[in-house]
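>>> let's see this in three dimensions:
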Amino acid sequence: MRTSQLHVVGAVALLLTSAGLAWVGQPGPAERWQFLAPELAPRLTERQVQIDPAELLGLMHNDYIDLRLIDVRNERDWNLFHLWGAEHIPTKALVAQHDRFALLPSNAVVVLMSNDEAEATEAWKLLMATASKPNAYILAGGINRWLSEYADDEHGDELKPLQTDKRDETLRYPLKWALGSRHPAAMPDQHELPDADRVVQKVKLQKRVVKKGGCG
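Residues are numbered from 1 along each chain as shown. Sure, this is the predicted structure:
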């Protein structure tokens, strides 16, 4: 083999080796979270990012923000009921989509939700570790709390919760039909909520924005 060919082969081998080492050396989501935990974990323990259902409902009616509702539950529960405008992205799939969350506009607010809070909390950690710390929050009490506050009066005995003291990721309301966002509780009327103004508002926009479609 000629000397020039040997140089080319050597250069290619060196490039591939370097690329392989760089790939192997990249920290995974768990390692990134461990690095960021001292900064971000207090937001969880102090409940700075768990927002009340009433605050979320206000956001759903707010034209000033770009609201992204991310439902990380299993497909069965998602089909039974989900909030109007929500997107179904199971937690494991968030890693493959982290780029889109890193490029959100300054008026974007991401709210993650599961049946309770455990799965949504794991999704929050994953998103914060892989998507350059977006403006993300967790629905406090999850879909179970949302239904307890906005569906009981509408459906009476139909939505009495299952008798359990456990706080886990089980959908505790025996929904009979897979209505998804067609369920009346998927988008309640904001003006019918009692004491909504007393809720502590935790969501902060990264930048002041004008109303969508406005003239500025």
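
>>> mind listing the helices for the protein?
Remark: helices assigned in the chain by DSSP state H are 3-25, 29-45, 53-60, 75-80, 98-102, 118-130, 142-150, 152-155.

>>> now the weakest link among the ones you listed, please, by mean pLDDT.
Among those, helix 3-25 carries the lowest mean pLDDT, at a mean of 46.

>>> quick check: residue 132 touching residue 104?
No. The pair residue 132 / residue 104 is not scored as a contact, 9.6 Å apart, by Cβ atoms under 8 Å. Glycine gets a C-beta too; all of them are placed from N, C-alpha and C.

>>> which residues does the residue nearest the centre of the chain form beta bridges with?
Nearest to the mean C-alpha position of the chain, counting by Cα atoms, centre = their mean, stands residue 112 at 2.2 Å. Beta-bridge pairing of residue 112 under DSSP bridges involves residue 70, residue 138.

>>> list the contacts for it?
Applying Cβ atoms under 8 Å, 6 or more residues apart in numbering to residue 112 gives the contacts 70, 72, 120, 123, 124, 127, 136, 137, 138, 139.

>>> return the closest of those with respect to residue 87.
residue 70 (5.7 Å; Cβ to Cβ).

>>> neighbours of that closest one, how many?
Neighbourhood size, residue 70 [other Cβ atoms under 10 Å]: 24.

>>> gap between it and residue 28?
Computed with Cβ to Cβ, to the nearest Å, the distance linking residue 70 and residue 28 is 21 Å.

>>> what's the answer for residue 198, then?
Distance from residue 198 to residue 28, by Cβ to Cβ: 42 Å.

>>> just residue 149 next, same as before
37 Å.

>>> same check, this time on residue 34
Residue 34 sits 10 Å away from residue 28, going by Cβ to Cβ.

>>> for residue 49, same thing?
Look at residue 49 and residue 28: by Cβ to Cβ, they are 23 Å apart.

>>> between these two, which is the more surrounded one?
The neighbour comparison of residue 49 against residue 28 (other Cβ under 10 Å) goes to residue 49, with 20 against 10.

>>> contact partners for that one?
Residue 49 sits next to 43, 124, 136, 137, 138, 202 when contact means Cβ under 8 Å, 6+ apart.

>>> make JSON lines from those and add distance to residue 60 and neighbour count to it.
What follows is those, written out as JSON lines (distance: Cβ to Cβ, whole Å; neighbours: other Cβ atoms under 10 Å):
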{"residue": "43", "distance to residue 60": "22", "neighbour count": "17"}
{"residue": "124", "distance to residue 60": "19", "neighbour count": "27"}
{"residue": "136", "distance to residue 60": "16", "neighbour count": "21"}
{"residue": "137", "distance to residue 60": "13", "neighbour count": "24"}
{"residue": "138", "distance to residue 60": "16", "neighbour count": "24"}
{"residue": "202", "distance to residue 60": "15", "neighbour count": "15"}
